[in-house]
Structures are given as structure tokens and as C-alpha cells.
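In: How does the following fold in three dimensions:
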Amino acid sequence: MSQVTISQKTMAVLKNFATINGSILIREGSTLKTISVGENSIAQYRCDETFPQTFGIYELNRFLSGLSLFDNPTLDFDNSDYVTIRDKGRSARYYFSNPEITLKAAPDKDIKFPGADMEFQITQEDISALQKAWNVYEIPDLKFHSIGGSVVLSLVDKENQTSNVFSLELPGDNTGEYEVFMKMENIRLLPGNYNVKISKHLITEWKHSTLDLTYYIALEP
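Out: Residues are numbered from 1 along each chain as shown. Below is the predicted model of the structure:
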């Protein structure tokens, strides 16, 4: 019998992954991955736990809610069709989904980032400020503009030149002056500080400062 106890850190990451894709395929080992339905955002996390088998969860939020019924749940992987959750005499049985159904929710290849044309660090405080401004002004696009030794992040509407704008300037490095865009709705990050790399090949990399957690989010063409 193989047993796994899910840490609070991993629980928090899985809750975040559920905002990217409601399903997940957890592969044997210690790396968790997810991909958005539109395939424009990928996240991967190397966790402390080691899962003894590959299994699919169709409703990740329901699975996590089930774990919250226990104070310190232990997962027993003693059956290929389901996992048994146990704690203090209580137990629950959660059946896996067909891996073919959840296969698209777990990319099997590693992302090879092409190299940074902009690079900067962003704090949780600045990320929260962008998210609040996004909610207040309801403007869809996040623009990255490299200027000298800075990168300016601006919330704009590419289709409306007279839209409201919210900007913040951060120190950073770049290989030239660039202006690229992404949809603000695609930024679904676990709270924390991040080192961000942006490639003119229309991909960004967001590395968490304290966890082995990375997001790859596509830019707009």
C-alpha cells in the first residue's frame, strides 16, 4: 500500500491549478502540471510528495473539497480505480476519471523557454495592484514595454485608444525596446513574488521566488 499525505503548500498549488483547468492528470512522481483549456497557460510545480501512480481527476475542486473534510488526510493508493482518503477513523473513496478524459489537462513535455528579451522582478503587492486596477477599469490587455533600464506594465485596451490606462514601472533588463501584450485574464498566479522573463517569441515565464513553481503564459500575436 502506498500512502501520501498532502501538504498545505501542495493543497494551495492545486487550488490555484483548479483556476487554470478544472481537471488534472497527476502523473507518477513529484511534478504536477496543468494547462488551460485554451492552451495559452501552463503551470508546473515540483512538490514534496511522491505519487506512486498516474491518475486523473475530472473535478479538481470537488476532490480538494473532499480533502477538506479531514483534518490531516492520508491518501491510500491501494487500488487502480480509486484513492481512499483516511483520517481518525473516517474514510472516503474517490474514483479516478478515465485518463483519456483528463489527458489534455496535463502536458507531458517540458517547456523550453527561448530566452529573455525583458526580465524583471514583481512583488505580490504590484500583482495585486494590477488585479485591482483590472477589476476597477475593466480593461483587458496587459502591455509590457521595455524602456532603458525599466519595464513598464500597463493595463490598456488595444482596441480602444481612449480607454483608461493604469501603469507601473519596474527596474529590469532587456535586449532592446519592445512592446508586447497579453490578456490580463490569463494571469492566474499563486500569491507570491515572481521573477518574470518575456520573449519576443510570444511567451512569458513567471518563476515563484520561494517555491519550485513556474507559469508559462502566452503573449498575444
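In: tell me the SS of the residue nearest to the spatial centre of the chain?
Out: Geometric centre of the chain, nearest residue: A43, 4.3 Å, by CA atoms, centre = their mean. Judged by DSSP: H, G, I helix; E, B strand; the rest coil, the three-state class of A43 is strand.
In: what about it, distance to L60?
Out: Taking CB to CB, to the nearest Å as the measure, A43 falls 13 Å from L60. Placement of C-beta: from N, CA and C, glycine included.
In: What's the separation between the residue located most distally from the centre of the chain and D71?
Out: Centroid-distance maximum for the chain: G89 at 34.5 Å, with CA atoms, centre = their mean. Shown here: G89 relative to D71, a distance of 12 Å by CB to CB.
In: which residues are contacting the least confident helix or strand in the chain by mean pLDDT?
Out: Lowest by mean pLDDT, DSSP states H and E among the helices and strands of the chain is helix 99-102, with a mean of 71. For helix 99-102, contacts defined as CB atoms under 8 Å, 6 or more residues apart in numbering pick out S23, I24, L25, T54, F55, G56, I57, Y58.
In: let's see 10 Å
Out: Helix 99-102 is contacted by residues 21-27, 54-58, 60, 96, 106 when judged by CB atoms under 10 Å, 6 or more residues apart in numbering.
In: In helices only, show me those.
Out: Mapping the contacts of helix 99-102 onto helices (DSSP state H) picks out L60.
In: So among the contacts of helix 99-102, where is pLDDT lowest?
Out: Taking the contacts of helix 99-102 together, the minimum pLDDT is found at A106 (70).
In: looking at it, it is touching I35, isn't it?
Out: Yes - look at A106 against I35 with CB atoms under 10 Å: they come within range, at 7.1 Å.
In: Now the common contact residues for the two.
Out: Common neighbours of A106 and I35 (CB under 10 Å, 6+ apart) are F17, N21, I24, I42, Q44.
In: Switch those residues over to TSV; also include distance to S65 and neighbour count.
Out: Formatted as TSV, these follow (distance: CB to CB, whole Å; neighbours: other CB atoms under 10 Å):
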residue	distance to S65	neighbour count
F17	14	25
N21	17	22
I24	14	25
I42	25	22
Q44	24	20
